[in-house]
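Visitor: sharing a model that was predicted from the sequence below.
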Amino acid sequence: MLWASAVVVVLIAVTEAVRAMGWVLLLTIAAVVVVLPVAAFLMVRRMGASYRRDALRRAGLDRLDPRRFEELAAELLRRDGFRKVAVIGGAGDRGVDVLGVAPDGARYAIQCKYYTRAVGPGQVRDFVGALQARPYRDHRGVLITSHHLSAEAARMARDHDVVVIDRDRLGDWLLDAYRLGPGRRSPAWLARLRRGREAAEGSPQAGP
């Protein structure tokens, strides 16, 4: 009954508003109510993309090499509170480049793909195979790339529960808007506003 009464009150109020203001004015107000949230959403999305680009530029992502890319990933893990972080990429790494233990004790095995092209399904398949080897069977798999994944590769990663950190998510990670393992995540624009430009300038960077 309470809800029904509220609906009736609203309908009466709308009817009176139409009589008082006319349809043109009412439609104008309705259009503004619809347009403003859409415009705000697009602006926030654009801000987030801009902040990610800035974070990637400050980290010098496009000037790194594969080893320094692995070191950047390791530094971000340490910032997120990971323990026993080790860069093991190289001969005999069996497809795993970085290891770490999350604050909740979960073990992570990370593969870093410093690519200027999309990661394909073959690379994901190889990583999934590496995770099935004895040393990494109890590890959560994470694939980090400086580019993106193809659609087929992304589907394969989802099917095998592999966490993917592509170029966009890496930008969020640098901004502390994304956190690997347990922890709260915030939109890139909110993280940037919360930390301020000066704090964002101090995002982790790869070693020399």
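Guide: Great, that's in hand. Numbering: from 1, shown residues only.
Visitor: so where's the protein uncertain?
Guide: 1-3, 7-8, 10-48, 91-94, 182-208 (pLDDT under 70).
Visitor: one more pass at 50, please.
Guide: Across the chain, the stretches falling below the confidence threshold (pLDDT under 50) are 189, 194, 196-203, 207-208.
Visitor: please enumerate the helices of it.
Guide: For the chain, applying DSSP state H gives helices covering 2-21, 23-58, 66-79, 121-131, 151-159, 167-174, 188-200.
Visitor: against Arg125, how distant is the residue nearest to Ser150 when sequence neighbours are not counted?
Guide: Of all residues not flanking Ser150 in the chain, Ala118 sits nearest, at 4.6 Å (Cβ to Cβ, 6 or more residues apart in numbering). C-beta: built from backbone N, CA, C; applies to glycine. The gap separating Ala118 from Arg125 is 15 Å, by Cβ to Cβ, to the nearest Å.
Visitor: out of those two, which sits in the busier spot?
Guide: The residue with more neighbours, out of Ala118 and Arg125, is Ala118; 17 against 14, by other Cβ atoms under 10 Å.
Visitor: I'd guessed that one sits against His148; true?
Guide: Yes - contact criterion Cβ atoms under 8 Å: Ala118 and His148 qualify, at 5.3 Å.
Visitor: re earlier: please tell me how far the residue nearest to Ser150 sits from Phe82.
Guide: 27 Å.
Visitor: picking that back up, quick check: the residue nearest to Ser150 vs Leu61, distance?
Guide: The value you get for Ala118 to Leu61, if Cβ to Cβ is used, is 16 Å.
Visitor: likewise Gly122?
Guide: In terms of Cβ to Cβ, Gly122 sits 24 Å off from Leu61.
Visitor: now do Arg167
Guide: 8 Å.
Visitor: of those two, who's got more company?
Guide: A direct count of neighbours by other Cβ under 10 Å for Arg167 and Leu61 places Leu61 higher, at 21 against 17.
Visitor: without its sequence neighbours, what residue ends up closest to that one?
Guide: Ser146 (5.9 Å).
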